[in-house]
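In: Got a predicted structure here, sequence first:
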Amino acid sequence: MSAVATLQRKSNPGRDYGYSNARVRGMRARLFTQAYLDDLMASKDISDVIQVLMQTEYGPDLEERLLHGRTAQQVDEALKDNMVRKFRKVLGLANDEAYGLMIVLLGRWDLFNVKTILRGIHMSLSHEEIEDSLIAVGQLSHVDMVELAKQPSVKALVDTLATWELPYAVPLRAEMAHYNEDGDLSVLELALDKFYTAWADKSLRCRRSNAKLARRFLGVQVDTINLLTCLRLLNADVEAEEVNRFYLPGGLHVKEELFSDLASMSDVDEVYERLKRTPYGRPVEAVAIKYVEHGSVSVFERALEDYLMRRAFAAGQGEPLGVGIIIGYMWAKANEVTNLRIIVKGVSVGMPVERIKEELIIV
């Protein structure tokens, strides 16, 4: 019997998308505009940021957290609390089909949280340090994640996941021997990535239009991960026969053959030439010069995140009586919270407005 508290709700088998999508569109209308974020970035200190945000839907979450201090850290926690609360609300509104599809897509957050805990324990971080990076918007509750973060070793973490009968224990156990040999955390992280993408891809294989839309969106996410892996391999000393073990299944355009070709290339120009007939050619080309100037793959990561966000927004502009509205809102909300967290951190340390703005993704 699992110790994990799953998301409980009343079944809504007969509810159509009209009711839930009308409510979600109302929630999306309350997301902040770029002009609002510009004004917030101009705040002189964290007190000003708090004063402004208290007048918004983040107010109740801030009131609770600020009892522990009017600090940037408490504001950050309040922003995460709000995101969790809004996601729970949307899932409560959804019919059974939408709920099932979103649980699969939101599995990326469980994956992120498990990998964050795994990485923190591997690096011997305190459970408090690990908890700062976690967001409980998947099936794992905050209480579950705190308990996992307190495990004394990677082995203890994997054993706890197995005791709770969580599926992520399966790929981790399969690779523990390799991890124990040389302490290479990447073998465990890759095993988790492959497990999630294979499970999600299989779960969304269905003829229904909403499942197809969700699977296309998942495919874009997998493509972006594979592309970033290829770009990181440009300057890595990896044997050709080793390259394909990094490939994740389930992408839309970056299939295994293309992945192998990209990973074998020597510079960004070659990558762009190979990608320019795919939807990813333009985002890569747009930041290629910046990559040459800075030499950091993070510029591509930012460009691909921006592309993914645009695809999520586009999903929300499609069929008015489908799951796209919910996907669009949830990713827009996650993006808003990410932007707000960046602004809070930037203002609290006195970062120039232009520097903060460079870190945001505004679509």
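Out: Sure thing, it's come through.

In: any idea how far stretch 175-191 is from the chain center?
Out: Put simply, stretch 175-191 sits 23 Å off its chain's centre (CA atoms, centre = their mean, to the nearest Å).

In: how long is it end to end?
Out: End-to-end distance for stretch 175-191, by CA to CA, to the nearest Å: 7 Å.

In: So what touches that stretch?
Out: Stretch 175-191 is contacted from outside by Lys115, Leu118, Arg119, His122, Val154, Lys155, Val158, Pro171, Leu172, Ala174, Arg245, Phe246, using CB atoms under 8 Å, 6 or more residues apart in numbering. For every residue, glycine as well, the C-beta is placed using N, CA and C.

In: If you average the pLDDT over that stretch, what comes out?
Out: Stretch 175-191 shows a mean pLDDT of 95.

In: and what of stretch 90-107?
Out: For stretch 90-107, the per-residue pLDDT averages 94.

In: Give the buried residues for it.
Out: 90-91, 93-95, 97-107 (16 or more other CB atoms under 10 Å).

In: Can you spell out the domain ranges of the chain, please?
Out: Per the record, the chain has its domains at 22-93+325-363, 95-203, 208-315, by automatic domain parsing.

In: In TSV, list the ones you listed along with distance to Asp16.
Out: Putting the domains of the chain into TSV (distance: least, CB to CB, whole Å) gives the following:
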stretch	distance to Asp16
domain 22-93+325-363	11
domain 95-203	7
domain 208-315	12
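
In: which of the ones you listed has the lowest average pLDDT?
Out: Note on the domains of the chain: lowest mean pLDDT is at domain 208-315, with a mean of 88.

In: what about that one, start to end distance?
Out: The first and last residues of domain 208-315 sit 16 Å apart, counting by CA to CA.

In: Kindly report the same for stretch 38-55.
Out: In stretch 38-55, first residue to last residue: 17 Å (CA to CA).

In: Name the surrounding residues that touch it.
Out: The contact list for stretch 38-55 (CB under 8 Å, 6+ apart) reads 32, 59, 62-63, 66, 70-72, 75, 340, 343-344, 346-348, 353, 356-357.

In: Tell me the buried residues within those.
Out: 32, 62, 66, 72, 75, 340, 343-344, 346-348, 356-357.

In: And those residues, which two are furthest apart?
Out: Within the buried ones among the contacts of stretch 38-55, Leu66 and Lys357 form the most distant pair, 26.2 Å apart (CB to CB).

In: Let me see the contact set for Arg231.
Out: I think there's a mix-up here, since residue 231 is Leu and not Arg. Val268, Val271, Val297, Phe300.

In: repeat that with 10 Å
Out: Contact analysis of Leu231 by CB atoms under 10 Å, 6 or more residues apart in numbering lists Leu262, Ala263, Met265, Val268, Val271, Val284, Tyr291, Val297, Val299, Phe300, Glu301, Leu304.

In: Tell me, how many residues neighbour Ala22?
Out: By other CB atoms under 10 Å, 12 other residues sit near Ala22.

In: And the helices in the stretch 1-150 of the chain?
Out: Using DSSP state H, counting those that start in this stretch, the helices of the stretch 1-150 of the chain run over 17-29, 34-41, 46-53, 59-65, 72-93, 96-105, 107-122, 127-131, 142-149.

In: Okay, buried residues for the shortest one please.
Out: When neighbours are counted by 16+ other CB under 10 Å, the buried residues of helix 127-131 are found to be His127, Ile130, Glu131.

In: how much space between the last one and Asn113?
Out: Pointing back at Glu131 there. When CB to CB, to the nearest Å is applied, the distance between Glu131 and Asn113 equals 10 Å.

In: Return every residue with contacts to both of these two.
Out: Common neighbours of Glu131 and Asn113, counting by CB under 10 Å, 6+ apart, are His142, Met145, Leu148, Ala149.

In: and those as CSV, adding neighbour count and distance to Ile225?
Out: Below are the shared contacts of Glu131 and Asn113 laid out as CSV (neighbours: other CB atoms under 10 Å; distance: CB to CB, whole Å):
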residue, neighbour count, distance to Ile225
His142, 16, 26
Met145, 23, 22
Leu148, 27, 23
Ala149, 24, 24
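
In: thought Tyr329 was touching Met27?
Out: Yes - under the criterion of CB atoms under 10 Å, Tyr329 makes contact with Met27 at 6.1 Å.
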